[in-house]
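[1] Structure, please.
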Amino acid sequence: MGRIKVIEPVTVIVYARDSWWDVKTPTAKFTEDGRITPYGGVIWDFAQDWSLYGSYSTVYQPQTGRTLSGKMLKPVEGQTLEGGVKAGLLNGSLNLSGVIYQIDIKNNPQIDPEHPSGGFNNYFVSGGKVRSQGFELEGVGFITSFWDVSVGYTYTDTKYLDDSLCRIISDIVPLSLYATVTDKRSLNFVLTLYLKTDFSYILKSVLVSG
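    Residues are numbered from 1 along each chain as shown. Predicted coordinates:
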């Protein structure tokens, strides 16, 4: 990963991963040599304790599921666009963030609805293109060295662009960017208490979601 300070308040981050895949099953094989998945981002520290950022990354994940004919599924491919603002206030005692994002994924695996089966012999198909868009707001405050509070709200909207057969978003999508087949709204409140003993810290948390 490379970090380049273009000018004093602007930092450019460039990263690329080069991957090799050799996946085998009793009936199929998938090999990929030198697949590059890039990442790029820009951070602008526009004020003291405040920054804006934007990023672009790609997704490439080979699959081990098989079709009815015994062939391996196509790799899951896609891209992620993200932009947001972050702030660290009161000497780090209050952290605020807001982010908007768009995720495009294609070839997402799904159990073949025309050939359902049970046990370990499920057959899969590659779904079409899915687009998830949304935003997330979060605030984390450290009341004392033993107390902290976090509040977050997430909204995600998912659309099937090419093929309504695809009904799920793969587990490779980060938790903060998950989506469902309908609009998703989530409000979370977490209160955490660290109780210090003679030997360790005991963590107590209260989570309220809606």
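
[2] Every contact and neighbour count from this point should use C-alpha atoms.
    Will do.

[3] Can you get me a residue count around residue 186?
    Neighbourhood size, residue 186 [other C-alpha atoms under 10 Å]: 12.

[4] Can you name the helix or strand that the closest residue to residue 54 other than its chain neighbours falls in?
    Nearest residue to residue 54, sequence neighbours excluded (C-alpha to C-alpha, 6 or more residues apart in numbering): residue 83, at 4.1 Å. Element membership for residue 83 (DSSP states H and E) is strand 76-89.

[5] So which bits of that strand are buried?
    76-88 (16 or more other C-alpha atoms under 10 Å).

[6] what's the most distant pair in those residues?
    76 and 88 (36.1 Å; C-alpha to C-alpha).

[7] circling back to that earlier point, what's the pLDDT at the residue nearest to residue 54?
    pLDDT recorded at residue 83 is 98.

[8] So which residues of this protein form strands?
    Listed in chain order, the strands of the chain (DSSP state E) span 2-7, 10-24, 29-47, 50-61, 76-89, 94-106, 109-111, 124-126, 130-144, 147-160, 184-196, 201-209.

[9] So which of the ones you listed is nearest residue 68?
    From those, taking C-alpha to C-alpha, the stretch that ends up closest is strand 124-126, at 7.3 Å.

[10] Partner strands of the closest one, with direction?
    If you go by DSSP bridges, strand 124-126 pairs up with strand 109-111 (antiparallel).

[11] and the strand it pairs with, how far from the chain's centre?
    Mean C-alpha position of strand 109-111 versus that of the full chain (C-alpha atoms, centre = their mean, to the nearest Å) differs by 19 Å.

[12] Name the residues of that strand that come out as buried.
    By 16+ other C-alpha under 10 Å, the buried positions in strand 109-111 come out as 109, 110, 111.

[13] contacting residues for the nearest residue in space to residue 131 that is not next to it in sequence?
    Nearest non-adjacent residue to residue 131, counting by C-alpha to C-alpha, 6+ apart: residue 104, 4.6 Å away. By C-alpha atoms under 8 Å, 6 or more residues apart in numbering, the residues touching residue 104 are 78, 79, 80, 129, 130, 131, 132.

[14] Quickly check these for the two that are furthest apart.
    Distance extremes for the contacts of residue 104: the farthest pair is 80 and 129 at 13.3 Å, using C-alpha to C-alpha.

[15] ok so, going back, between the buried residues of strand 109-111, which is nearest residue 20?
    Proximity of the buried residues of strand 109-111 to residue 20 (C-alpha to C-alpha) peaks at residue 109, which lies at 20.9 Å.

[16] What's opposite that closest one in the beta bridge?
    residue 126.

[17] What of residue 100?
    Where residue 100 sits in a bridge, its partners, by DSSP bridges, are residue 83, residue 135.

[18] surely it meets residue 134?
    Yes: with contacts counted by C-alpha atoms under 8 Å, residue 100 reaches residue 134, the gap being 5.7 Å.
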